[in-house]
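1. Give me the fold of what follows.
(one chain, ligands or ions: 1)
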Amino acid sequence: MARNKKKIVILGGGFAGVECARQLESYFRNDSEIELVLVSEDNFLLFTPMLPQVASGMIETRHIVMPIRAICHKTKFYEGRVKNVDPFGKLVTLWGTGEKRGISIHYDYLVVALGSETNFFGMADVEKNAYTMKTLNDAVMLRNRIIDMLEQAENETDPILRKSFLTFVIVGGGFAGIETAGELMDLLLDARKHYPTIHREDIKVIVLEALPMILPGFNEKLAKFAKQKMVERGIDIRLKTAVTSFDGTEVTVKSLDVYTKDSVDESKIDVIRTKTLVWTAGVTPVNTVKRSMLKTDKGKVIVNDFLEVPEFSGVFAIGDCALLMDPQINRPFAPTAQLAEAQAKTAAHNLNALIKNLEKEKFQFQSKGQMAIIGKRTGIATFLGMNISGLLAWLIWRNVYLSKIALPDKKVRVFLDWTIDLFFDRDISRLKLVKHETEKEYKVLDEVDDVW
Ligand SMILES: Cc1cc2nc3c(=O)[nH]c(=O)nc-3n(C[C@H](O)[C@H](O)[C@H](O)COP(=O)(O)OP(=O)(O)OC[C@H]3O[C@@H](n4cnc5c(N)ncnc54)[C@H](O)[C@@H]3O)c2cc1C
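-> Numbering: from 1, shown residues only. This is a model prediction of the structure:
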């Protein structure tokens, strides 16, 4: 292999990483001197906006994932977990497992797009006992859990235990929490017909949110509409309420109305008995980024206006793992797929500029609008400058997100899933899952250039 080739390595196969690879493929389509490499833990792009619909069984699991090899044809793909980034030696090391060797990959240019993971804010008991909604595995596990709870409740004679089986607590009133609560309610009401002893009033879905409103960042009127519709469907939304612990059986919550740093009014501490708590209350960059040699603030990589890491020319950070301030509110941008893709375009443009000695561009973001679905064919959307709610917003959501699925076969499959859901009951089969393999040092293989 010729050594004068330049290698661009992208870390992370999410919205940011994949979009960046696609843009770079189009910039360097006919340039044999540029090699593109993408490394990610999973060999697919997960379409997170539809994750709650996988948890509710409306969409089949595989239909919201797109194999990276099917989207990025000119990029060399490595399925592996990044262990270490060495920006001085320009080297990325991947973990080995019991079955595969760890390897090191040299780069000339680097794009860090490793995204984020669930943030439990240091609450170890919550982390141990809660369900999450971030990965495909999370959605499948939650769906199985909900069905298992219905199975257990159907034959349970102890009324207290039965009640806790049928109480589902979702923590976090953002995108993920609200969409999950809406979908979960749809699944429970749909599935209930197979469980003759479980009545509508036995099922409790509770959303806990620390802020005084749900869906922060949305138009206030639309957020209120969403709340009202969800309450009408029987979802209990408790605002200004924070979780302090969850032992797998009881959630302890405190009212933030009376809470000060030094004193907590004990009378405002409450306990909810549940076996299922879904934690969606925040994300934080992955540990690989936090413990890297790149400068971070609250775990996010500090970048300049060109999305480049100031200390290391040719190293970019984009998506959920990059720290970028929204000049309009003087706070970091909310982590969204829309923002991640916009950053990917700028990073690819600037890499092209760097390599071809052209002028780099500053990152500027203009939101195209926001949308959320809240269950039972209802949604809210700010779209083309208009505020829309109800069935129309739900239809817009479906059209917009369907159009964003990159592979035509997946688009058709999702559309068919939605259509089938209109006419048939949801599948209540519960699948048993295998445990995730843990990381393990095995043997580090040197520079892979020699291998392929
Ligand atoms: C349930 C849910 C619903 C959402 N709905 C919306 C929505 O409707 N609209 C919207 O705009 N946004 C939505 N979001 C937010 C959106 O998904 C994220 O902002 C977006 O995915 C960020 O893209 P990213 O590429 O930065 O990170 P990610 O998409 O998280 O991608 C990071 C990638 O890096 C990989 N990775 C991480 N660590 C390692 C490692 N050590 N080694 C190798 N690979 C690694 C991961 O496997 C992943 O493939 C939602 C998120 C969730 C969880």
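2. Met293 should be in a helix, yeah?
-> No: applying DSSP: H, G, I helix; E, B strand; the rest coil, one finds Met293 to be coil, outside a helix.
3. how many other residues sit next to it?
-> Met293 has 14 neighbouring residues, counting by other C-beta atoms under 10 Å. No exception for glycine: its C-beta is placed from N, CA and C like everyone else's.
4. need the contact list for the closest residue to it other than its chain neighbours.
-> Using C-beta to C-beta, 6 or more residues apart in numbering and skipping the chain neighbours, the partner closest in space to Met293 is Pro87 (5.6 Å). Contact analysis of Pro87 by C-beta atoms under 8 Å, 6 or more residues apart in numbering lists Leu110, Ser292, Met293, Leu294, Val309, Glu311, Phe312, Val315.
5. contacting residues for Val18?
-> Leu38, Leu45, Ile68, Ile71, Cys72, Ala344.
6. could you say what helices and strands the helix or strand hosting the first one packs with?
-> Same thing as Leu38. Using DSSP states H and E, Leu38 sits within strand 34-40. If contacts are counted by 3 or more C-beta pairs under 8 Å, 6 or more residues apart in numbering; DSSP states H and E, strand 34-40 sits against strand 6-11, helix 15-27, strand 76-79.
7. Serialize the contacts of Val18 to TSV and add fields for pLDDT, secondary structure and distance to Phe246.
-> Below are these laid out as TSV (pLDDT from 0 to 100; DSSP: H, G, I helix; E, B strand; the rest coil; distance: C-beta to C-beta, whole Å):
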residue	pLDDT	secondary structure	distance to Phe246
Leu38	98	strand	37
Leu45	98	strand	32
Ile68	98	helix	35
Ile71	96	helix	38
Cys72	97	coil	40
Ala344	98	helix	36
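8. For those residues, pick the one with the most neighbours.
-> Busiest of the contacts of Val18 [other C-beta under 10 Å] is Ala344, holding 28 neighbours.
9. What distance do you get for that residue to Gly13?
-> 12 Å (C-beta to C-beta, to the nearest Å).
10. And Lys5, by the same measure?
-> From Lys5 over to Gly13 (counting by C-beta to C-beta), the distance is 22 Å.
11. Could you show which parts of the chain are in contact with the ligand?
-> 12-17, 39-42, 48-49, 51-52, 81-82, 113-116, 133-134, 175-176, 286, 288, 319-320, 335-338, 340 (C-beta under 6 Å from any ligand atom).
12. In PyMOL, how would I select just the buried ones from those residues?
-> Filtering these down to the buried ones (16 or more other C-beta atoms under 10 Å) takes a single PyMOL command:
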select buried, resi 12+13+14+15+16+17+39+40+41+42+48+49+51+52+81+82+113+114+115+116+133+134+175+176+286+288+319+320+335+336+337+338+340
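13. Just the ones in strands from the residues of the chain next to the ligand, please.
-> Those of those mapping onto strands are Val39, Ser40, Val82, Ser116, per DSSP state E.
14. In CSV: those, plus pLDDT.
-> Putting those into CSV (pLDDT from 0 to 100) gives the following:
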residue, pLDDT
Val39, 98
Ser40, 98
Val82, 96
Ser116, 95
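15. could I get those residues as CSV with distance to Asn399?
-> Below are those laid out as CSV (distance: C-beta to C-beta, whole Å):
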residue, distance to Asn399
Val39, 33
Ser40, 29
Val82, 36
Ser116, 28
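16. Of these, which is the nearest to the ligand?
-> Val82 (3.6 Å; C-beta to the nearest ligand atom).
17. of all the contacts of Val18, which two lie farthest apart?
-> Farthest pair in the contacts of Val18 (C-beta to C-beta) is Ile68 and Ala344. Separation: 13.9 Å.
18. could you list every residue that touches the spatially most central residue of the chain?
-> Nearest residue to the geometric centre of the chain (C-alpha atoms, centre = their mean): Lys134, 4.2 Å. Residues near Lys134 by C-beta under 8 Å, 6+ apart: Thr48, Leu51, Glu117, Thr118, Ala176, Val283.
19. and the nearest residue to Arg29 once chain neighbours are set aside, what helix or strand is that in?
-> Closest residue to Arg29 apart from its sequence neighbours, by C-beta to C-beta, 6+ apart: Lys74 at 7.1 Å. For Lys74, there is no enclosing helix or strand under DSSP H and E.
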